[in-house]
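> how would this look folded up:
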Amino acid sequence: MSEVGEVSEVRGPAWPEHLQSLATDLNSEARGRFWLLLNLALAQRLHLHSRSVGWIPRERIQDLASEKALDLVGKLDCGTWNPSASSPGELVNFISTVARNALVDELRRERGRRAVSADRRDLHHPARGNPDAPALRVERKEFVSHLVACAEGLKPRHRSVWLLRVLYEMPSKSIAGHPEVLLKASHVDMILMRCRDRIRRCMQSKGHEVPVLPPGTFADLWKAFRLESSLGGGA
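Numbers count the residues shown, from 1 in each chain. Predicted coordinates:
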């Protein structure tokens, strides 16, 4: 996926009409182009709204754009949204509203996550500043064990995509060209969205909230999957 600042494809009056044209015949090639153009339009609007509504990191803007683009493609597939039923100007306003609402919801969730994190730190983790404190080692071991189990439930290629992003913070374009992936960057973004949702639901079923990670989690997760790889277990 392009960086938020690289949105030349959605500048000018032609992109809404192009989006509407692609929506009329979503074969495999047109679907990828439709999703990418919609993704870029949403990212641009999210970036613009963040200047007035509230700032969030660029990576999260990209994630939100991918999530909302995937959601709108789903609505198009089931017939609850039809871009061609609106004028180009109405389509621009609709996408702008979707982006603004997504940003407002994200800022509300972030405030809630910070409050929960602060409460847990105060009530349960007096030694949170020390990741080697005995209580935290036990918590982290259980968390990582459950996270590894959830990740093992992903398809091998999907798990590779998720691990490359989570452990190595690789951008989608680099992940797409990795020998274990070899997909288009837009497809990688869709996989990441689905993996995050599945991991989140799996961890919640085990009593964990993923946004609040015990210190040292990523180091232990990296060790766990490095060991699995060295034994020929994939990922």
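> Tally up the residues packed near Leu221, please.
Leu221: 20 surrounding residues under other Cβ atoms under 10 Å. Quick note: C-beta positions are derived from backbone N, CA and C, even for glycine.
> Nearest spatial neighbour of it, chain-adjacent residues omitted?
In space, Leu221 comes closest to Val144 once its chain neighbours are excluded; the distance is 5.6 Å by Cβ to Cβ, 6 or more residues apart in numbering.
> for Gly32, same thing?
Here the residue nearest Gly32, using Cβ to Cβ, 6+ apart, is Ser186, at 5.5 Å.
> I figured that neighbour was touching Phe34, is that so?
No: with contact defined as Cβ atoms under 8 Å, Ser186 does not count as touching Phe34 (9.9 Å).
> Could you chop the protein up by domain?
Here the domain parsing of the chain from automatic domain parsing is 8-108, 130-230.
> where's the residue nearest to Lys206 when sequence neighbours are not counted, which helix or strand?
Spatially, and ignoring its direct neighbours in sequence, Lys206 is nearest to His146 (4.6 Å; Cβ to Cβ, 6+ apart). Here His146 sits within helix 134-152, counting by DSSP states H and E.
> so how far is that helix off the chain centroid?
Computed by Cα atoms, centre = their mean, to the nearest Å, the separation of helix 134-152 from the middle of its chain amounts to 22 Å.
> cool, stretch 25-44 as well?
Here the centre of stretch 25-44 is set off from its chain's centre by 17 Å, with Cα atoms, centre = their mean.
> cool, stretch 165-175 as well?
With Cα atoms, centre = their mean, you get 12 Å for stretch 165-175.
> ok, and for that stretch, which residues are buried?
Buried positions in stretch 165-175, judged by neighbour count with 16 or more other Cβ atoms under 10 Å: Arg165, Val166, Met170, Ser172, Ile175.
> contacting residues around that stretch?
For stretch 165-175, the surrounding residues in contact (Cβ atoms under 8 Å, 6 or more residues apart in numbering) are 1, 161, 164, 178, 181, 185, 188-189, 192, 218, 221-222, 225.
> try 6 Å this time
The contact list for stretch 165-175, computed with Cβ atoms under 6 Å, 6 or more residues apart in numbering, reads Met1, Val161, Leu164, Val181, Ala185, Val188, Asp189, Leu192, Trp222.
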